[in-house]
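Trainee: Model the following, please.
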Amino acid sequence: MKKVILLIAGAIFLISCSQYSEPQGLSNAKDLNQKTTSDVVLEATFASIKTNIIDIKCISCHKVDSKSNAKDIPFETEAQVVNGLSDLGALVVPGRPAESMLYRSIVSDEKIRGRAKVMPPTNSPHAPVTASEQHVIAAWIAGVAVKIEETTEQTPPVMSSPEAKMQEPVPVTQQTPAESPVIQPTSQDPAPSAQNPLPEVVDFALLKADVLEKKCMNCHKEGGKSEELAFSTREELLAVSNSFGQAFVVEGKPEESIMYLSVLKDERLRKDIRLMPPKKDVVAGKAMDIVDRDVALIKKWILDGAK
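Mentor: As a prediction, this is how the structure comes out:
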């Protein structure tokens, strides 16, 4: 009887060991090719990210011929992603994933995401970006993206023959005052200076004529891109607030006024408020950029009571 019991116990032990003698699903060659999406090995390269993430979860909206508004931010090439701009800032800030809108829009941590919209949108048919995909994109931005930007800025040297070098004109190394180059004025207003000081009084009429009508009201009007935040008078502007209930203008307090914060180029000072006009519109020639003098006029108008 004891021998029978020992034989049964030994058989059970051998069977249990055989179940863990090799990884499950890899017992024969044909199973080696049966990988699920989660089994795909992601690399911190643009080629891997585009094939396994962008082409699956982003490109249907982020391409030039898309019917979505996201076509203004295409993801079709590496250069488009590295140099891309959104309303909230650059898609890629080399070496800094937490400041890159590409990463912030897909990350699950709300503190990092800030005011960036979740991508893909929650009502999208595409699956969310997984944690491992987030990590790979962050790693690419932290390392590879820096090298990409450096190489794209470099231009190969122009090779010329010795005969051509002999015929090149010798550059002038010194100039007399009469020969100094004439600096042409730019189309943008200069920053405030001793020669171009701000007016002592900045009222709404001056601000509207110098800044708002030229650079803001094309969108902030009925039928404009931002018609839900339209204004044409001082009273209308003082009544405008964003979707978070923050006032565009807090009289006497520019640092609490969305209108002032939104035109600051420094993202840290802007406090996650969207930059206006959007960089992509300025680059595309659809809007005029806000320059330092415009910012100073807006600040002074608000400090003086927004009269």
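Trainee: pLDDT weak spots in the stretch 101-250 of the chain?
Mentor: Using pLDDT under 70 as the threshold, the predicted model of the stretch 101-250 of the chain has low-confidence ranges 144-196.
Trainee: Helices along that one, start to end?
Mentor: 101-104, 110-113, 131-139, 145-153, 162-167, 204-207, 213-215, 234-239 (DSSP state H, counting those that start in this stretch).
Trainee: so what's the closest residue to I302 other than its chain neighbours scoring on pLDDT?
Mentor: Ranked by CB to CB, 6 or more residues apart in numbering and with sequence neighbours excluded, the top spatial neighbour of I302 is P254, at 4.4 Å. Using the backbone N, CA and C atoms, a C-beta is placed for each residue, glycine as well. At P254 the predicted local distance difference test score is 90.
Trainee: mind listing what P254 touches?
Mentor: When the contact criterion is CB atoms under 8 Å, 6 or more residues apart in numbering, the partners of P254 are 260-261, 298-299, 302-303.
Trainee: ok, now V201?
Mentor: When the contact criterion is CB under 8 Å, 6+ apart, the partners of V201 are D304.
Trainee: how close does it get to D294?
Mentor: Separation of V201 from D294 (CB to CB, to the nearest Å): 17 Å.
Trainee: so where do the strands sit in this structure?
Mentor: Using DSSP state E, the strands of the chain run over residues 85-86, 89-90.
Trainee: right, and L264 touches V295 too?
Mentor: Yes: taking CB atoms under 8 Å as the contact criterion, L264 and V295 are neighbours in contact, 6.9 Å apart.
Trainee: Quick check: I106 touching V129?
Mentor: Yes: counting by CB under 8 Å, I106 does reach V129; the two are 4.1 Å apart.
Trainee: what is in contact with the two at once?
Mentor: Residues touching both I106 and V129 (CB under 8 Å, 6+ apart): 119, 137.
Trainee: Domains in the protein, by residue range?
Mentor: As given by automatic domain parsing, the domain ranges for the chain are 40-153, 204-303.
Trainee: end-to-end on the shortest one?
Mentor: Separation of the first and last residues of domain 204-303 by CA to CA, to the nearest Å is 13 Å.
Trainee: now do stretch 97-110
Mentor: Distance between the two ends of stretch 97-110: 14 Å, counting by CA to CA.
Trainee: do stretch 48-64 as well
Mentor: 21 Å.
Trainee: Let me see the residues that make contact with it.
Mentor: 40, 42, 66, 68, 70-71, 73-76, 78, 81, 119-120, 126-127, 129, 133, 136-137, 140.
Trainee: Just the buried ones from these?
Mentor: 42, 70, 73-75, 78, 81, 119-120, 129, 133, 136-137, 140 (16 or more other CB atoms under 10 Å).
Trainee: From the residues you listed, pick the one nearest D281.
Mentor: I73 (11.7 Å; CB to CB).
Trainee: what residues are up against W301?
Mentor: With contact taken as CB under 8 Å, 6+ apart, W301 is in contact with 202-204, 206-207, 307.
Trainee: One more pass at 7 Å, please.
Mentor: For W301, the residues meeting the contact criterion (CB atoms under 7 Å, 6 or more residues apart in numbering) are 202, 207.
Trainee: Surely K271 and L264 touch.
Mentor: No: counting by CB atoms under 7 Å, no contact exists between K271 and L264, whose distance comes to 8.9 Å.
Trainee: Show me which of the two is the more surrounded one.
Mentor: Under the criterion of other CB atoms under 10 Å, the comparison of K271 against L264 puts L264 first, with 20 against 14.
Trainee: What's the per-residue pLDDT of the residue lying closest to that one once chain neighbours are set aside here?
Mentor: Taking CB to CB, 6+ apart as the measure, L264 lies nearest to R270, with 4.7 Å between them; neighbours along the chain are not counted. With respect to pLDDT, R270 scores 83.
Trainee: ok, how many other residues are close to R270?
Mentor: By the criterion of other CB under 10 Å, R270 has 18 neighbours.
Trainee: Look up how far I56 lies from it.
Mentor: Computed with CB to CB, the distance linking R270 and I56 is 33 Å.
Trainee: Check S105 too.
Mentor: Using CB to CB, which is the criterion applied here, S105 is 16 Å from I56.
Trainee: So which of those two has more stuff around it?
Mentor: Using other CB under 10 Å as the criterion, S105 and I56 rank with S105 on top: 20 against 16.
Trainee: Now that one: phi and psi?
Mentor: Note on S105: its backbone torsions stand at phi -80, psi -20 [degrees, to the nearest 10].
Trainee: my read: it touches K117, true?
Mentor: Yes: taking contacts as CB under 7 Å, S105 lies within contact range of K117: 6.3 Å.
Trainee: Mutual contacts of the two, please.
Mentor: With contacts defined as CB under 7 Å, 6+ apart, no residue is adjacent to both S105 and K117.
Trainee: if I pick I73, what's in contact with it?
Mentor: Residues touching I73, when contacts are defined by CB under 7 Å, 6+ apart, comprise 62, 84, 86, 280.
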